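J.: predicted model and sequence below, questions to follow.
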Amino acid sequence: MDFSAIAQLVASVGIPGALTVFFVWQGNIREQRMGSRIDTLETFIRTDLAQQNDTVTEVLRRNTDALDRANTTMSRLAVRLDKDSGH
């Protein structure tokens with residue numbers, strides 16, 4: 001809004017009316033910016049974050065499998081060592 005538009009608004013509706021219009025306009029601009037931010041965050045959640053979640057889930061599954069194999073190997077080694085030492 002430029003100064004002439006503000007002056008014309010004040011002249012037509014008075015200062016209380018102009019202030020009301022200003023705050024409604026300001027609130028609308030704020031809501032538009034917030035809506036844009038929310039859309040950006042929702043897009044990030046649906047795309048990037050969902051993909052990262054899938055990647056982390058797969059890595060955790062592989063780590064769990066590796067730990068299970070290591071545990072099985074260590075258990076077999078412990079049994080073999082016990083047999084070799086005569087216990």
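T.: Sure thing, it's come through.

J.: which strands or helices does the strand or helix carrying residue 55 pack on?
T.: Counting by DSSP states H and E, the element that carries residue 55 is helix 50-85. When contacts are defined as 3 or more C-beta pairs under 8 Å, 6 or more residues apart in numbering; DSSP states H and E, helix 50-85 sits against none of the other helices and strands. In this view, the C-beta of every residue, glycine as well, is placed from N, C-alpha and C.

J.: so how far is that helix from its chain's centroid?
T.: Centre-to-centre, helix 50-85 and its host chain are 32 Å apart (C-alpha atoms, centre = their mean, to the nearest Å).

J.: could I get the average pLDDT for it?
T.: Averaged across helix 50-85, pLDDT comes to 93.

J.: over to stretch 7-26?
T.: So the average pLDDT for stretch 7-26 ends up being 86.

J.: report the buried residues of it.
T.: Under the neighbour-count criterion of 16 or more other C-beta atoms under 10 Å, stretch 7-26 has 9-10, 18 buried.

J.: one step back: how about the helix holding residue 55: buried residues?
T.: For helix 50-85, a neighbour-count test (16+ other C-beta under 10 Å) marks nothing as buried.

J.: from residue 28, how far out is residue 78?
T.: Noted for residue 78: a distance of 71 Å to residue 28, by C-beta to C-beta, to the nearest Å.

J.: appreciated, that's everything.
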